[in-house]
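[1] Model the following, please.
(chains A, B and C)
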Amino acid sequence: MEDDLILDNAISQNGKKEKPFVQIRGLTKKFGAITAVDNIDLDIYQGELFCLLGGSGCGKSTLLRMLAGFEFPESGSISIDGIDMSQVPAYERPTNMMFQSYALFPHMTVGENIAFGLQQDKIPKAEISDRVNDILKLVELEDYIKRRPQQLSGGQRQRVALARALVKKPKLLLLDEPLAALDKKLRKQTQFELANIQEQVGVTFIVVTHDQEEAMTLSSRMAVMDMGKFKQIGTPTEIYEFPESRFVADFIGSANIFEGKVKNSKVGHLTVSTDVGEVFINYGQSIAEGEKIWLGLRPEKIYLSKIKPKDIGPNQIKGIVEEIGYLGETSIYKVRLENGQIIDVSAPNQSRPMSRARGITWEDMVYLNWEPESAMLLTS
Amino acid sequence: MYGKRSKFLTVMVTIGMAFFYIPMILLVIYSFNYSKLVLVWGGWSTRWYKVLFESEEVWAAVNMSLKIALVNATFATILGMLAALSMVRFGKFRGRTLFGGMLVAPLVMPEVITGLSLLVMFITLKQFFGWPENRGFATITIAHITFSMAYVAVTIQARLTGMGQSLEEAAADLGAKPFKVLTSITIPRLTPALISGWLLAFTLSLDDLVIASFVSGPGANTLPVLIFSRIRLGLRPDINALATIIILVVAVCIAIAALIMFRQQKRDLLDQQLAEREK
Amino acid sequence: MNIGIKNNTNIKVEKRVSIIDRTLRRLQENWRSIVIIIPFVWLLMFFLFPFFIVAKISLAEMKIASPPFTSMVEWADGGIVTIRIVFDNFLYIINDSLYIDTYLNSVKIASTATVISLLLGYPIAYGIVRSGPVAKPILLFMVILPFWTSFLLRVYAWMGLLADQGTINSLLISLGVINEPIQMLYSEFAVYVGIVYTYLPFMILPLYANMEKLDGSLNEAAADLGSKPTNTFFKVTLPLTMPGVIAGSLLVFIPASGEYVIPDLLGGGNVQMIGRVLFNEFSRNTDWPVASAVAIAMLFLLVFPIIIFQHYQGKAAEGN
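    Next up, the predicted model:
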């Protein structure tokens, strides 16, 4: 069982043998008194779909613009495919950007918009025409070549913007909130299309988004950003199941946070005592006994039942149901524990009617427990 | 509650429009007055229009004004565009504050001061360089370009700041060098502002009296200067006729401009509908 | 031999081409400077330089000559340079009450006319904003038309209306309201009418532009919170339209205070405004030093404060 739980280190997914395609070292960017990007390091490998996730003002867009060459850092370096970008202006970089507003040229047709980038490289007309047609086929807009951007719907404009950026076969494609302007249904559909296109074309994508679901769906690897710094970098699974800090645990999905002290630390498992009970975790991290630590428990990982358990042991707590939120697919129970803390427990509504099936209603005493591998260790 | 207020507003708007147009309508009516005394009605006649068309002086002045206005509008638009680009897109450069001040000053300067200073300069130039020998077309045009370009610059500056930089960034991202970005993206997008700037400069020049009075010389009459010298002495029916023609021409031009804008709006609406349907 | 000569020519041609090449390339790299320099130099020559000359003249003495003023720098025998600067002109205009009175009169007339324009223009602008989709473009057209029509002719129109035998008097007499024509032309009243009439579009258009962009739901929110219409107007609408009010007021006040044509045509000799005084000093009395001093004084009292104001407005806008 323990073997199942030893995850691959994210970096080794791409093989440590590979040299990073994009290397960012010590990058800092200030706007007056505000530090938008604070001394960050990052490696991105070729072919990845890498997401920068964070709230507004966290610095992700600034980082993207520095990669594109629209802003220059105060200190630090960016190198793409081994070449240092410090002196390279935007129009000479091997990157192309897909803007949040799409930034399509209104006085040009779809075809002319896409051809523009190729014309700057002085590519012969015949070849330009072929490449434009090919890319339009890829985004399924061949019939729209003579239209103007004002005559296209939001989803179509987005595809033109993508086509225009991809037609130059850039080494790196930067996408700034590419799906933000689309409505929900279209967004879901486009997420998969985008991921497919990336796989087909094989270009390295860096996507900036504030939407966690988008980041989790699209990325092969992602970074959570806050206040100009990276909080955690890893695969979506790692970030969700193994957050390293309370910030990340609470930022992606939701988590109940408990404070505790390490009681027992052994190789492969440890026990933490909190003021609501003991928690036994059966995977190893070397943390000294007596250390203060936080634990995260995701609402969906907690079992709840009205039946009192036969054995008393760790990973068990009890409380009173204060609120029940019915969400259709699931129900969220807000349970007040003995120390006053209120935690969220979510359970799917597998039969109907919901609460009667489980028999749980307000003011009920419920018994909660979880698997020993479910608790997340948060070191900050 | 809002009903009561909107009645007040409707009344005000009606009064306002009446205020604007009654004098002009009277002007037009009296142009058809047979009598030489403008205000004494002598029956309907178009004789003053005939007098106008036969007046060499008037044609010469119209000719002069149109020539000056055309040259002025073109150069003022070019200079104003260069100035606006410099102020908005080029960041800080040496003398930027001075430049900005010089662009704003003509807008706030009373015309008598601008006129006076230009005349004085032309005289000084003549003293030292022998040019300009005679003040006329050249000096008036130079004077007009100088103040028109400020108006054009302000118009284009407003449009440039409103336009935002994302299209230019996109072009740079796609490999266009800064000069290319300027010529293929910025300037084409400025076209409507350039046109309205040109028209503004054209009109300002045609209408200018004070500055032209200062910097012109004998024999170089622009239309406003001619009109002014005639009306100082009193009312004249041929001036009424001239006024009517000018009002008509302006009205037609604005109507054409409005029609073009209206058609553009319709086209935009059609584009939008086309986009919506395809969803 | 032949080959040698050929080689030589080739080298010469190449050298010449490369100089052209280099200049072109340097032009290309510095194209931004060229863009800045062209209008900059024009303005320096034809805008700034004239003002220095005016300033210089204001410090000189009147002379019967062409040009009619003493020059500032005189070369005496032996190469000694004397600089004659005379502040008399400025002292003269400060002491002579004509100039101060005229200046104050100009400010009074311009500011009153501005207020009248505001009181008239504000409801008109608001009315246009509130009008229906059919009326609005027509009304805008009707406001823009006078704006583009010759300013001179619009003043002329009022000459006809206000004259003793003019339309208004004739109408009033024929209606029996009065027996004798009222003196309206060649008075301060006529000047007010003239300024308001010609400058009203300058007040309406910026106000309209500002009001059009206002969020209508703000008024609704205020009403929802219990605010009566008058209160909403003063507490919500008016403050939000302030930028338009200021822009319109400046666009009227500044040119109006320096007006020459309107006081001349509609005010006759009776209304003294500083623009006319300046023109008269310059052309009739040919006292250029005094006229220049008046011009410089006007610059300091009117223009520089405005430029500084605009500078701070621009900075505030950048801050936002």
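[2] Next up, the contacts around the residue sitting nearest the centre point of chain C.
    Nearest to the geometric centre of chain C sits C:P255, at 4.0 Å (C-alpha atoms, centre = their mean). The contact partners of C:P255, by C-beta atoms under 8 Å, 6 or more residues apart in numbering or on different chains, come to B:P110, B:E111, C:Y199. Heads up, the C-betas are built off the backbone N, CA and C, glycines and all.
[3] A:Q341 too?
    For A:Q341, counting by C-beta under 8 Å, 6+ apart, the contacting residues are A:F258, A:V276.
[4] So which of the contacts of C:P255 sit within strands?
    In strands, defined here by DSSP state E, there are no members of those.
[5] nearest to A:E241, of those?
    Lowest distance from A:E241 to the contacts of C:P255 (C-beta to C-beta) belongs to C:Y199, with 71.5 Å.
[6] Next one: B:R232 from C:M159, what distance?
    Distance, B:R232 to C:M159, by C-beta to C-beta, to the nearest Å: 10 Å.
[7] nearest to chain A, of the contacts of C:P255?
    Nearest to chain A out of the contacts of C:P255 is C:Y199 (C-beta to the nearest C-beta; 36.7 Å).
[8] which helix of chain B spans the most residues?
    helix B:237-278 (DSSP state H).
[9] just checking, what packs against it?
    Here helix B:237-278 touches helix B:2-30, helix B:47-54, helix B:223-231, helix C:135-148, helix C:151-162, going by 3 or more C-beta pairs under 8 Å, 6 or more residues apart in numbering or on different chains; DSSP states H and E.
[10] Comparing these, which comes out most buried?
    Among the helices and strands packed on helix B:237-278, the stretch with the highest mean neighbour count (mean count of other C-beta atoms under 10 Å in any protein chain shown) is helix C:151-162, at a mean of 23.
[11] Show me the helices in the stretch 1-150 of chain A, by range?
    For the stretch 1-150 of chain A, the helices defined by DSSP state H, counting those that start in this stretch occupy A:2-5, A:10-13, A:60-68, A:110-120, A:125-138.
[12] State the distance from C:W148 to chain A.
    28 Å (C-beta to the nearest C-beta, to the nearest Å).
[13] who touches that residue in this structure?
    B:T203, B:V250, B:C253, B:I254.
[14] got it, and A:T209?
    Applying C-beta under 8 Å, 6+ apart, the residues contacting A:T209 are A:C51, A:L52, A:L53, A:E177, A:P178, A:L179, A:A180, A:A215, A:L218.
[15] buried subset of those residues?
    A:C51, A:L52, A:L53, A:E177, A:P178, A:L179, A:A215, A:L218 (16 or more other C-beta atoms under 10 Å in any protein chain shown).
[16] How about A:R298, nearest residue that isn't a chain neighbour?
    Nearest residue to A:R298 in three dimensions, chain neighbours excluded: A:A255, at 5.5 Å (C-beta to C-beta, 6 or more residues apart in numbering or on different chains).
[17] pretty sure that neighbour contacts A:G296?
    Yes. Shown here, A:A255 and A:G296 form a contact pair, counting by C-beta atoms under 8 Å, at 4.1 Å.
[18] Point out where the chain drops to low pLDDT.
    In the absence of a named chain, chain A is used. For chain A, the stretches with pLDDT under 70 are A:1-17, A:284-285, A:352-358.
[19] nope, chain B
    For chain B (pLDDT under 70), the answer is B:1-5, B:38, B:278-279.
[20] Which single residue of it approaches chain C most closely?
    B:P110 (2.0 Å).
[21] Could you find the closest non-adjacent residue to that residue?
    Distances taken as C-beta to C-beta, 6+ apart put C:G258 closest to B:P110, at 2.0 Å, once the chain neighbours are dropped.
[22] backbone phi and psi for that neighbour, please?
    phi -100, psi 10 (degrees, to the nearest 10).
[23] Determine the number of other residues adjacent to it.
    26 (other C-beta atoms under 10 Å in any protein chain shown).
[24] Repeat that for A:E338.
    Count around A:E338 with other C-beta under 10 Å applied: 12.
[25] what's the closest non-adjacent residue to it?
    Closest to A:E338 by C-beta to C-beta, 6+ apart is A:V276, at 6.3 Å.
[26] For chain B, what's its nearest residue on chain C.
    Closest point on chain C to chain B, by C-beta to the nearest C-beta, is C:G258, at 2.0 Å.
[27] Surely that residue touches B:G115?
    No. Because the distance of 10.4 Å does not satisfy C-beta under 8 Å, C:G258 is recorded as not touching B:G115.
[28] what's the offset of the longest helix of chain B from the middle of its chain?
    17 Å (C-alpha atoms, centre = their mean, to the nearest Å).
[29] how big is the angle separating that helix from helix B:223-231?
    Computed with axes from the mean of the first three to the mean of the last three C-alpha atoms, to 10 degrees, the direction of helix B:237-278 lies at 140 degrees from that of helix B:223-231.
[30] Helix B:237-278 vs helix C:151-162, what angle?
    120 degrees.
[31] all strands for chain C, in order.
    C:73-75, C:81-83.
[32] does stretch A:151-160 come close to chain B?
    Yes. Stretch A:151-160 lies within reach of chain B by C-beta under 8 Å from any C-beta of the partner chain, at A:Q151, A:L152, A:S153, A:G155, A:Q156.
[33] Might one say that the last one is in contact with A:Y144?
    Yes. Counting by C-beta under 8 Å, A:Q156 sits close enough to A:Y144 to count as a contact (6.6 Å).
[34] first vs last residue of stretch A:265-275, how far apart are they?
    18 Å (C-alpha to C-alpha, to the nearest Å).
[35] what does that stretch rub up against?
    Under C-beta under 8 Å, 6+ apart, the answer for stretch A:265-275 is A:2, A:258-264, A:278-289, A:293, A:295, A:314, A:339, A:372, A:375.
[36] Next to chain B in this structure, residues from the stretch 201-320 of chain C, please.
    So far as C-beta under 8 Å from any C-beta goes, the stretch 201-320 of chain C lies against chain B at C:204, C:223, C:229, C:250, C:254-255, C:257-261, C:264-265, C:275, C:278-279, C:282, C:288, C:291-292, C:295, C:298-299, C:302-303, C:306-307, C:310-311, C:314.
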